[in-house]
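pasting the sequence and the predicted model now:
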Amino acid sequence: MDWVRTGWRWWRRSPARDVVFAALMALLTVSGSYGEGHPHNPSDLAQFHNAPVPQPSAASLLLVAVASLVLVWRNRWPVAVLTVSAAAVLGFTLLGYVNGAALIAPAAAVYALATNVSVRRALVASGVTLAALLVATAANDPLGATSGPVVVLPVLFAAACLGGIAVSNRRAFVASIEARAQDEARLRIDEERLRIARELHDVVAHTMSTINVQAAAAALLLADRPAEAAEALAAIRAASKNGLRELRAILNVLRQADEADPTAPAPGLAQLDALIASVSRAGLPTTLDISGHRADLPPGADLAAYRIIQESLTNAIRHAGPATATVTLRYGDDVLLIDVTDTGRGVAEARAGRNGTGQAGNAGPAPWEGSGHGLPGMRERAAAAGGTLEAGPADGGGFQVTAALPLRRQDEPALRERQDREIGPGEPGDPAAPGVADHPAVTDHPAVTDHGRAETGAADHGTAKTAAPEESRQP
């Protein structure tokens, strides 16, 4: 049946359709006008009240043919076609012939006009044409001023005009739906392109920054301290391996666009220990501080949290110089607060460049835009997950990034509140009652101290030694 659909689409767009339509209309109107001038049925003859029946001549029938043949161009020049068709039928009517069949041609022109112009223009053109033909028919019709054509003409033109307007509205509605669908598809493509760009930026920036720092350290240590240089090269190997793995995962997603969803897990807070360990090996000793009841984040928020922390630490590796960093996670009832602060250099210079003073501002990160794609990308990630992000120089030196991400999807109902309303809070010992057993304890996290601080390092996740001496990380 595909060939039928293809043929139908070709027919609807082909100029041959207009030619065939106009030829059939000419055959119908000319034969009908000739038959009206040569009646044989006694009931038809009685309508003339024994008066002679006006028989149309060949020249008059040519007017009827012109009124129909001009319909070939009804969709290209609808106003001109209506004018010519109505004028030809008007001339045929003024000659005193019965015009019942001939009126079909201007009615078809009215329909075509209504489907191609605005409603106001269609109504005005139809009204003017109807008035002219109605007056001419009432004055010159041999059947009388109240004959059949006079009665049928308003109904015929109203049906043609309103039908054309309805078709025009339908076409406009379908076109708006198609345009909206195209806009939505284009928006989804743009969003996906931005998402992929953010993923690539985060992966490449983190990997290359780590490799750059460790390569510089290895170059300085190779002659005097080959063991430490070997550690730096091992860190380069690990960073490049992880970067290639994440790049391969992104490329697999692109290759599987038309297949089932990929089964490889996306990075999340579950890989945070490995991230902090690699950052520490790259020359930025980093500690992790977690408080509150740890909870699973929605997939989008989990990925956003990981990438925000990764990008913040990458920026610290690239720009902070000899420094340390602290990653703080605060789990609340409905929100996860993330704070990444380093003790790096350049803050006073950055503030002086912004306000000319170099003095510390209020608590928390001061507004900061940056010059690259890192900070805007982090803000976009936080916003996409339903959260917020602020970044800027911190009081007392260093740079600070804070983010707040929801612990549940924004369209997910508050399950605990609904359960409390429906069944009430559980009793102690009731398995359904929420308690400490329902949430992973903070001390379940590797190497969490009494105050909830986890220090990541090479052996026991303690504060890591850098692979290069501090002078190797000087600008």
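Arrived safely. Residues are numbered from 1 along each chain as shown.

switch to C-alpha atoms for all contacts and neighbour counts from now on
OK.

per-residue confidence at the residue nearest the centre of the chain?
Centrality entry for the chain: nearest residue to the mean C-alpha point is Leu187, 2.5 Å, by CA atoms, centre = their mean. Leu187 is assigned a pLDDT of 87 by the prediction.

ok, it to Arg193 distance?
10 Å (CA to CA, to the nearest Å).

pull the number of nearby residues for Ala223.
Using other CA atoms under 10 Å, Ala223 has 10 neighbouring residues.

ok but it is inside a strand, no?
No: counting by DSSP: H, G, I helix; E, B strand; the rest coil, Ala223 falls outside a strand, being coil.

any chance you could map the strands in the stretch 301-450 of the chain?
325-331, 335-342, 388-393, 399-406 (DSSP state E, counting those that start in this stretch).

which residues sit against stretch 335-348?
Contact with stretch 335-348 is made by 305, 309, 312-313, 316, 319-331, 358-359, 393-394, 397-407, as judged by CA atoms under 8 Å, 6 or more residues apart in numbering.

turn the strands of the stretch 301-450 of the chain into CSV, including mean pLDDT and distance to Thr129.
Compiled in CSV, those are given as follows (pLDDT from 0 to 100; distance: least, CA to CA, whole Å):
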stretch, mean pLDDT, distance to Thr129
strand 325-331, 93, 76
strand 335-342, 92, 70
strand 388-393, 89, 64
strand 399-406, 91, 66
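
turn the ones you listed into a markdown table, including mean neighbour count.
Below are these laid out as a markdown table (neighbours: other CA atoms under 10 Å):
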| stretch | mean neighbour count |
| --- | --- |
| strand 325-331 | 22 |
| strand 335-342 | 22 |
| strand 388-393 | 22 |
| strand 399-406 | 24 |
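
in CSV: these, plus distance to Gly377.
Listed next are these as CSV, based on distance: least, CA to CA, whole Å:
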stretch, distance to Gly377
strand 325-331, 19
strand 335-342, 16
strand 388-393, 10
strand 399-406, 13
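
do you know which of those strands lies nearest Arg76?
Nearest to Arg76 among the strands of the stretch 301-450 of the chain is strand 388-393; the distance by CA to CA comes to 55.0 Å.

which strands border that closest one, and is each parallel or antiparallel?
Applying DSSP bridges to the sheet, strand 388-393 is found paired with strand 399-406 (antiparallel).

now the strand it pairs with - C-alpha only, PDB.
The C-alpha coordinates for strand 399-406 follow below in PDB (Å, rounded to 0.1, in the frame of the first residue of the first chain):
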ATOM      1  CA  PHE A 399      37.600  29.700  46.200                       C
ATOM      2  CA  GLN A 400      34.300  28.300  47.200                       C
ATOM      3  CA  VAL A 401      31.500  26.500  45.200                       C
ATOM      4  CA  THR A 402      28.200  25.800  47.000                       C
ATOM      5  CA  ALA A 403      25.300  24.000  45.500                       C
ATOM      6  CA  ALA A 404      21.900  22.800  46.700                       C
ATOM      7  CA  LEU A 405      20.300  19.800  45.000                       C
ATOM      8  CA  PRO A 406      16.900  18.200  45.800                       C
END
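
tilt between it and strand 325-331?
With axes from the mean of the first three to the mean of the last three CA atoms, to 10 degrees applied, the angle from strand 399-406 to strand 325-331 works out at 20 degrees.

what sits up against strand 399-406?
By CA under 8 Å, 6+ apart, strand 399-406 touches 297, 301, 305, 312, 334-344, 347, 364-365, 382, 385-394.

ranges for the helices of this structure?
Assigned by DSSP state H, the chain shows helices spanning 2-13, 15-37, 42-46, 58-69, 78-94, 104-116, 119-140, 148-221, 226-255, 272-281, 299-319, 347-355, 374-384, 415-423.

looking at those, which one is packed in the most?
Neighbour counts (mean count of other CA atoms under 10 Å) averaged over each of the helices of the chain peak at helix 104-116, with a mean of 27.

just how off-centre is stretch 181-191 within its chain?
Centre-to-centre, stretch 181-191 and its host chain are 3 Å apart (CA atoms, centre = their mean, to the nearest Å).

same question for stretch 283-290.
Put simply, stretch 283-290 sits 39 Å off its chain's centre (CA atoms, centre = their mean).

quick check: mean pLDDT of it?
Per-residue pLDDT values over stretch 283-290 give a mean of 89.

with stretch 231-246 instead?
74.

again with stretch 108-124
93.

what sits up against that stretch?
Applying CA under 8 Å, 6+ apart, the contact partners of stretch 108-124 are 71, 74-75, 78-79, 81-82, 85, 125-126, 157, 160-168.

now stretch 137-156
47-48, 53-54, 93-100, 103, 107, 130, 134.

ok, so of those residues, who is nearest Glu246?
Ala107 (67.9 Å).

ok now do that closest one, which residues does it touch?
Residues counted as contacts of Ala107 (CA under 8 Å, 6+ apart) are Leu156, Phe157, Ala160.

now do Arg17
Taking CA under 8 Å, 6+ apart, we find Arg17 in contact with Trp11.

now Trp11. Nearest residue, chain neighbours left out?
Spatial nearest neighbour of Trp11, excluding adjacent residues (CA to CA, 6 or more residues apart in numbering): Arg17 at 6.3 Å.

any idea how far apart the tips of stretch 106-125 sit?
Start-to-end span of stretch 106-125 (CA to CA) is 11 Å.

please apply the same query to stretch 278-286.
By CA to CA, the extent of stretch 278-286 from end to end equals 10 Å.

now do that stretch: distance to the chain's middle.
Chain-centre distance of stretch 278-286: 39 Å, with CA atoms, centre = their mean.

repeat for stretch 95-108
Distance of stretch 95-108 from the chain centroid (CA atoms, centre = their mean) equals 53 Å.

how near is the residue nearest to Ala219 when sequence neighbours are not counted to Arg237?
Counting by CA to CA, 6+ apart, Ala229 is the residue found nearest to Ala219 once chain neighbours are left out, at 7.4 Å. The spacing between Ala229 and Arg237, counted by CA to CA, is 12 Å.

just Ala323 next, same as before
Plainly put, Ala323 is 23 Å away from Arg237 if you go by CA to CA.

neighbours around Ser118, how many?
Using other CA under 10 Å, Ser118 has 13 neighbouring residues.

got the phi/psi numbers for it?
Dihedral pair for Ser118: phi -70, psi 160, per degrees, to the nearest 10.

hang on, the earlier thing: surely the residue nearest to Ala219 and Ala218 touch.
Yes: in this structure, Ala229 is within contact of Ala218 by CA atoms under 8 Å, at 4.4 Å.

picking that back up, can I get the contacts of Ala107 in a markdown table including distance to Thr115 and pLDDT?
Listed next are the contacts of Ala107 as a markdown table, based on distance: CA to CA, whole Å; pLDDT from 0 to 100:
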| residue | distance to Thr115 | pLDDT |
| --- | --- | --- |
| Leu156 | 16 | 92 |
| Phe157 | 14 | 92 |
| Ala160 | 10 | 93 |
